[in-house]
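1. Just the structure for this:
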Amino acid sequence: MNKKSIQPNTKSTQMRTQTIIIPELEEAMERYQPRKLTWSDKDNAILKRYYGRVPISSLESTLHRNSKTIHDQVVKLGGKKGEPFEAEP
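-> Residues are numbered from 1 along each chain as shown. Modelled structure (predicted):
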């Protein structure tokens, strides 16, 4: 039995692409602004009171933010990652 290897014809495997534009989608993308939550005084107070004292998952659900964002805010407020804030006099 004689086996032959079949090589694809590279000229015939090229594909054409076509750009489809949906005007409504284009308009929506122009107006789209990513949602950026700002930290309120209340959020910061909660963070200063409970960070390092309660599980980070509790703060995530209460503040509606992920752990990285919470840790970043702690550093901005002068705290250290994973450590409770010192009590204010």
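2. C-alpha only now, for contacts and for neighbours.
-> Fine.
3. next one: stretch 81-89 to chain centre, how far?
-> The chain centre lies 27 Å from the centre of stretch 81-89; the measure is CA atoms, centre = their mean, to the nearest Å.
4. Contacts for that stretch next, please.
-> 48-53, 71, 74-75, 79 (CA atoms under 8 Å, 6 or more residues apart in numbering).
5. Out of the residues you listed, the closest to T62 would be?
-> Nearest to T62, judged by CA to CA, of the contacts of stretch 81-89 is Y50 at 10.9 Å.
6. Could you pull up the residues touching that closest one?
-> Counting by CA under 8 Å, 6+ apart, Y50 touches 59, 84.
7. Can you say which of the contacts of stretch 81-89 are buried?
-> The neighbour-count test (16 or more other CA atoms under 10 Å) marks 48-52, 71, 74, 79 as buried among these.
8. Now go through those residues and say which are in helices.
-> Counting by DSSP state H, the part of these found in helices is 48-50, 71, 74.
9. Ignoring the adjacent residues along the chain, who's closest to R53?
-> Distances taken as CA to CA, 6 or more residues apart in numbering put P84 closest to R53, at 6.3 Å, once the chain neighbours are dropped.
10. quick check, that neighbour in a strand?
-> No. Judged by DSSP: H, G, I helix; E, B strand; the rest coil, P84 forms no part of a strand; its state is coil.
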